[in-house]
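# requesting a structural model of the entry that follows:
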Amino acid sequence: MTQTPPILLLIFNRPDLTEKVMEQIRAAEPSRLFIGADGPRADHPDDVERCEWAREVATRVEWDCEVHTLFRDENLGLKEAVSSAITWFFEHVEAGIILEDDCVPHPTFFPYCAELLERYRGDERVRVISGNNFQPPGRTYDASYYFSMYNHCWGWATWRNAWGSYDGTIPEWSDLKETPWLQGWLGSEAEAAYWAEIFDRVYQEQVDSWAYPWTFACWKEHGLTALPAVNLVSNIGFGKGATHTRNGDAGTPHRPADAIDRPLRHPHAIIRNYRADRYTSANHFGIQITPPPWHRRIRNQMPEPMRRTLRHLVDSFRN
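Take a look at the predicted model:
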């Protein structure tokens, strides 16, 4: 039986959701469990009781397990509470899994993370192991997972060395934004414009997000993420109690978690799946990518059989 890696569970004031995640953690029986909790908000009187309740649920451990807690007395806010808890986690472990209180994993998520954490340990090309798949239903793959530029974080794992590149203020952006780096990495002007605006807001401290700086940290190292061929984690946190997912992201809310077949089939090479990433850009982030002006001129000069081939390739990227 594969040993479950150390787990960091991030909680706040939702004990009912925390319990659903804990059900899966109990079944996986990690030998080391870390719990990070932000403190109650001063202007929300109900937070005191609900935060205490969530902490009690998260520390209800009946198996042989080493439990560590980082319970904040005051509210730090989402960005600081999460990022500081992850940093604390990696002060104690070399590699591990991060789950938030609304991300319910399938039981096969844990051995999937364990195997890939070991397989890609020390490989700087891979920065994240994610449990998310937001591709269209029925899409087929050559392996049990593929590589993407998108480091989806509804249930994920990484290594201490990878997280070491995180800086919530993204100081390198002031220099990199004046270079073609972002468009070269993403592959299109539309994607670069979309993410440049986000990184500008992060740099100017206009957004309370740890996930955007983490994306920047992965991208500045040209790091890829392993994404499974099936969705392994279901986000159940949509609603008025959520911070950033009140209405859900396009095409992704409440996507159920499924089992991944074992043994895992590994890709033959660490190569980004551009087709999947273009689908994610369009359908998850709403980025519309149009062909460059010279595309139409070249296409019109092609013989019809070549045009049909080109149309087929374009449709494959869109779908």
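# every contact and neighbour count from this point should use C-alpha atoms.
Will do.
# what pairs with the helix or strand hosting residue 33, parallel or antiparallel?
Per DSSP states H and E: residue 33 is located in strand 32-37. When pairing is defined by DSSP bridges, strand 32-37 lines up against strand 7-11 (parallel), strand 66-71 (parallel).
# whichever helix or strand comes after that strand: which residues count as buried?
Under the assignment DSSP H and E, the closest C-terminal helix or strand after strand 32-37 is helix 47-58. Within helix 47-58, the residues that qualify as buried are 47, 50-55, 57-58, counting by 16 or more other C-alpha atoms under 10 Å.
# try stretch 202-219
202-203, 209-219.
# mind checking which of these are in helices?
202-203, 211-219 (DSSP state H).
# if we can go back for a sec, the strands paired with strand 32-37: which one's closest to residue 151?
When the strands paired with strand 32-37 are compared by C-alpha to C-alpha, strand 7-11 sits nearest residue 151, at 17.5 Å.
# could you check the angle that closest one makes with helix 47-58?
Interaxial angle of strand 7-11 relative to helix 47-58 (axes from the mean of the first three to the mean of the last three C-alpha atoms, to 10 degrees): 160 degrees.
# for strand 7-11, what is the average pLDDT?
Averaging pLDDT along strand 7-11 yields 98.
# on that earlier part again, with pLDDT added, can I get the buried residues of helix 47-58 in a markdown table?
A markdown table is the format used below for the buried residues of helix 47-58 (pLDDT from 0 to 100):
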| residue | pLDDT |
| --- | --- |
| 47 | 98 |
| 50 | 98 |
| 51 | 98 |
| 52 | 98 |
| 53 | 98 |
| 54 | 98 |
| 55 | 98 |
| 57 | 98 |
| 58 | 98 |
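# what is the nearest of those residues to residue 259?
Of those, the one sitting nearest to residue 259 (C-alpha to C-alpha) turns out to be residue 58, at 24.5 Å.
# from residue 167, how far out is the closest one?
In this view, residue 58 and residue 167 are 28 Å apart by C-alpha to C-alpha, to the nearest Å.
# which stretches of the protein have low pLDDT?
1, 238-253, 291-302, 304-319 (pLDDT under 70).
# span of stretch 87-99 from start to end?
Note: stretch 87-99 ends 14 Å apart using C-alpha to C-alpha.
# how far is that stretch from where the chain is centred?
Computed by C-alpha atoms, centre = their mean, to the nearest Å, the chain-centroid distance of stretch 87-99 equals 15 Å.
# can you check stretch 198-215 too?
15 Å.
# that's a strand at residue 153, yeah?
No. Residue 153 is assigned coil when assessed by DSSP: H, G, I helix; E, B strand; the rest coil, not a strand.
# verify the contact between it and residue 130 for me.
Yes. The pair residue 153 and residue 130 passes the contact test of C-alpha atoms under 8 Å, sitting 6.5 Å apart.
# so residue 158 bridges to which residues?
residue 96.
# gap between it and residue 119?
Applying C-alpha to C-alpha, the value for residue 158 to residue 119 is 12 Å.
# same check on residue 17?
In terms of C-alpha to C-alpha, residue 17 sits 32 Å off from residue 119.
# between those two, which has more neighbouring residues?
residue 17 (19 against 11; other C-alpha atoms under 10 Å).
# what's whichever strand or helix holds that one in contact with?
Assigned by DSSP H and E, residue 17 belongs to helix 15-28. Outside helix 15-28, the residues that touch it by C-alpha atoms under 8 Å, 6 or more residues apart in numbering are 4, 11, 50-51, 53-55, 57-58, 61-63, 101-107, 110, 236-237.
# what is the burial count for residue 74?
For residue 74, using other C-alpha under 10 Å, the count is 11.
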